[in-house]
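**Student:** Got a predicted structure here, sequence first:
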Amino acid sequence: MPKKQRNAFYFFMLDKQQQLREQGKVVSMKDMPVIAAAEWNKLPEAQKEHYKLRAKHEKAAGGGGAGVNPLPRPGRLDNTGIPLSERVDVVAELEERRRVERELLKKEWHGKDVIFLKFYFVAFQYLCHVEDVDRHLRYPPVEMALMEYSLKEGRQKVWHTLIHPGRIPTGFRYQAKLHSEQTHEIPPEGLDKQSVSDYRSLVDGMMKFVSHDHTGFPPLFVKKESAFVAECCLQWLSFMAGLRENPFCKVYELNGLFMDLSAHIGGAGLSRFEVSDLLSTFKYDHELGLRCSYHEDLENNNCALGEVNKYCFVMSDTLCPLYKVSLTKNHLPLESNTGIGDMLQLKPLSLKETDLGDKQQFKPQGVQQVPTRPVGRGRGILCLNAEDIRKPH
């Protein structure tokens with residue numbers, strides 16, 4: 001006998017049930033309608049659209065029809081006490097979630113010239129993987145970078161900060177030290193006078209950085225394999241800031257954006273494997289100024305600022321020619337006629353603890369001029385303020 005078709009409200013109840021489980025509350029599906037009904041009725045139509053698309057996709061895929069495995073017999077439990085009839089395929093759910101996110105994003109592109117759209121990249125370095133704790137505490141961040149990017153203008157502004165990871169969880173000091181030595185080399189105890197510990201002001205600064213209208217916060221894009229860590233880091237920051245909800249709940253895979261932008265111009269676009277290879281390139285690892293000053297001194301490429309810069313370079317190098325956008329120093333390092341290249345290095349907006357407070361001032365730290373000289377592959381850097389990008393030369 002075919003399954004009953006699941007509607008949008010059913011998928012909303014699934015998400016709500018998962019939230020309750022993360023809070024340590026086990027609620028059966030038969031009790032969820034009473035719990036979720038009031039919240040569903042107050043949900044804006046824009047958010048309901050997410051669940052309607054999931055229901056529509058399941059129907060199109062043949063959900064509830066022939067060829068679909070029947071649900072397990074009611075009453076049977078797995079080894080965690082969850083009814084088998086309510087057990088969720090986590091991988092399938094994640095893939096479906098990513099697919100819906102991409103569909104909603106592409107829907108917003110209708111009637112717009114995508115080369116002018118702003119996208120926000122995010123990257124983190126973390127203390128270590130802390131097991132057997134709540135989701136929002138699994139990956140305490142030690143470094144973060146945000147970038148505003150568009151195909152037309154390239155990098156518009158960049159924000160970078162080191163983060164104090166708080167007290168090292170009991171039993172994880174060795175793992176934290178080992179992870180630091182093998183990756184970013186930021187001390188597990190943080191860096192004095194550099195690692196920010198005012199988490200509320202940090203989150204407020206992030207919200208100010210990405211908010212440019214009144215339609216809510218835009219999605220943050222991160223490489224696919226780093227998406228879960230980024231979500232955990234953002235939840236950790238919101239938790240440490242004392243917020244009841246994480247304002248940065250939309251963390252999208254950069255791989256999907258890359259594929260969709262390549263196909264939007266027409267044609268099949270790039271494949272998942274091609275995008276993965278492009279985002280894993282080492283081509284720009286030796287660019288002077290790619291990384292923050294701390295990692296530049298250590299010549300360490302495990303840098304959050306370096307990661308978002310590479311996102312910009314790879315997407316610009318691949319997509320701008322498709323959209324007939326002229327490449328500039330905002331997009332990627334350029335070769336000069338003399339064989340020595342230069343790159344426009346946006347001075348990252350820093351969040352100093354002495355600057356925290358109601359004013360929330362995030363200003364570039366002045367202009368730094370670095371002489372052009374052969375370094376690595378023979379490249380130098382011209383360091384300017386973000387405002388200088390828009391000045392005619």
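**Tutor:** Okay, I see it. Treat the numbers as computed from the prediction; the structure is a model and nothing was measured.
**Student:** Which secondary structure elements does the helix ranked longest in the chain sit against?
**Tutor:** In the chain, assigned by DSSP state H, the helix with the most residues is helix 90-108. Using 3 or more C-beta pairs under 8 Å, 6 or more residues apart in numbering; DSSP states H and E as the contact criterion, the elements in contact with helix 90-108 are helix 45-60, strand 251-253, helix 254-264. The C-beta positions use only the backbone N, C-alpha and C, and glycine is treated the same way.
**Student:** show me where the chain has helices.
**Tutor:** For the chain, the helices defined by DSSP H occupy 8-22, 32-42, 45-60, 90-108, 173-182, 199-210, 227-240, 254-264, 272-279, 293-298, 304-319.
**Student:** thinking again about what came up before, could you identify which of the helices and strands packed on helix 90-108 is most buried?
**Tutor:** Ranked by mean neighbour count, the helices and strands packed on helix 90-108 are led by strand 251-253 with a mean of 22 (mean count of other C-beta atoms under 10 Å).
**Student:** What is the least confident helix or strand in the protein?
**Tutor:** In the chain, no helix or strand scores lower on mean pLDDT, DSSP states H and E than strand 382-384, which sits at a mean of 32.
**Student:** circling back to that earlier point, quick one, which of the helices of the chain gets closest to Glu153.
**Tutor:** Among these, the nearest to Glu153 by C-beta to C-beta is helix 304-319 (10.2 Å).
**Student:** pLDDT averaged over the closest one, what's the number?
**Tutor:** Helix 304-319 shows a mean pLDDT of 94.
**Student:** which helices and strands sit right next to that helix?
**Tutor:** Counting by 3+ C-beta pairs under 8 Å, 6+ apart, the packing neighbours recorded for helix 304-319 are strand 119-126, strand 141-150, strand 154-163, helix 254-264, helix 272-279.
**Student:** who wins for proximity to Cys128 among the helices of the chain?
**Tutor:** Nearest to Cys128, of the helices of the chain and by C-beta to C-beta, is helix 173-182 at 4.3 Å.
**Student:** Quick one: low-confidence residue ranges for this structure.
**Tutor:** Low-confidence segments of the chain, defined by pLDDT under 70: 1-4, 60-91, 94, 132-133, 135-136, 212-216, 334-393.
**Student:** Which segments of it make up each domain?
**Tutor:** 1-65, 114-329 (automatic domain parsing).
**Student:** and the first one, how far from the chain's centre?
**Tutor:** Computed by C-alpha atoms, centre = their mean, to the nearest Å, the separation of domain 1-65 from the middle of its chain amounts to 25 Å.
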